[in-house]
Structure formats: C-alpha cells, structure tokens
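Take a look and give me a structure for this.
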Amino acid sequence: MPVTLNMNMAMTSWFDIIGLSPDSQEDEPGIKHAAEYVKTLIDQEVKNGIPSDRIVLGGFSQGGALSLYTALTTQQKLAGVTALSCWLPLRSSFPQGPISGVNRDIPILQCHGDADPLVPLMFGSLTAEKLKTLVNPANVTFKVYEGMMHSSCPQEMLDIRQFIDKILPPVD
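Reported below is the predicted structural model:
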C-alpha cells in the first residue's frame, strides 16, 4: 500500500505511517482495520482447534505495534505478545488506568535497540511505561540491546525463545 512517510510509494505495510514522532497523526482507520484482520486470523486458528490462550502475537516494527494494539483490544484471551522495535499505536485512545479486557494480565516481551534510527528507543521506553499502566506491570518485560539498530540480533532471538518457552509450556 502507499505509505505517506515513504513519499506515498507502495511498500509492505499494515497501515499508513504519516510521521515518526510521538505527536504525529496516526492512521486510526487503517490501524483498526488491520487489528480486525488479525482478530479474524485468531478466530480461524481457534476454529482449527488452537485455544486462543495458546496463541502468541508478535511482530517487528509495524507488526509489533499492531500486535500490541490487537492484544489490548481483542476479547480473545491470548498467551502473550512479542513486540520488537515498535511503539503502541493510538496510545491516547487507551484508558489512564488498567484495561478491562481479558488480556489485562497478558505477558509482554518488548525489545528495542538503543541505536534504532527509525523507531527511536524513546518510543520503546514510552510504550513500555504506558503498557505497565494498562496491564499487570509485572508481566511487561522491556529489553534493550546495545548497538542494535532497526533490526534484530541473536540475543534478542534467544530472549524471544525463552519468553515463548515460559508462557507456552508443552501440551501433554
């Protein structure tokens, strides 16, 4: 789809990105439409026999932002979220206190590089602080990786694996 920040050139994108500052306008209809699409994917997995509380949402950059937003707005209890190099979209639409939904105790692993030039670490830090007001703060883990830009690293992948192993124990 065309992305405003990308000079309206088409790129793989969940929703339009207008700017990369905390006060930038956001594509609210696009974000909500993408979240509804992810919720239909969850519904399909549930119909295929996967309990929703065995589903972990995760993503990088826009995908991580969408995973956070979807987990905080769905009525399906999820196992957890991995949110990499991202931010919480439509953050002002959330309450000042805890969310009332089924995922108020959801485990969240949020990871960010301290050298990210695209989504600055400050966005990750602000997101982590906001998440701790929305869900059980003991379940929010924010990890920062020294020297990592808008990418991933082996330690981050190991941390994700350990997180998933912890929240999704084997089924007998």
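
So which residues of this protein form strands?
2-3, 9-10, 56-60, 80-84, 108-113, 140-145 (DSSP state E).

And the contacts of the third one?
Outside strand 56-60, the residues within contact range by C-beta atoms under 8 Å, 6 or more residues apart in numbering are 38, 64-67, 70-71, 78-86, 152, 160, 164, 167-168. C-beta coordinates here come from the backbone N, C-alpha and C atoms, glycine included.

Now do the helices in the protein.
28-47, 62-73, 121-134, 154-167 (DSSP state H).

Which among the contacts of strand 56-60 count as buried?
38, 64-67, 70-71, 78-86, 152, 160, 164, 167 (16 or more other C-beta atoms under 10 Å).

Please spell out the segments of this structure that come in under the pLDDT threshold.
Within the chain, no stretch has pLDDT under 70.

which residues sit in contact with the nearest residue to A10 once chain neighbours are set aside?
In space, and not counting its chain neighbours, A10 is closest to P2: 5.4 Å by C-beta to C-beta, 6 or more residues apart in numbering. P2 makes contact with N8, M9, A10, D16 under the criterion C-beta under 8 Å, 6+ apart.

How about the last one, nearest residue that isn't a chain neighbour?
Translated: D16. Using C-beta to C-beta, 6+ apart, the closest residue to D16 is D27 (3.9 Å).

Pull the number of nearby residues for that neighbour.
19 (other C-beta atoms under 10 Å).

and it, backbone torsions?
Taking degrees, to the nearest 10, you get phi -80, psi 70 for the backbone angles of D27.

which ones are touching it?
Per C-beta under 8 Å, 6+ apart, neighbours of D27: F15, D16, I17, I18.

surely the third one meets N8?
No: the pair formed by I17 and N8 falls short of the contact definition of C-beta atoms under 8 Å, at 11.2 Å.
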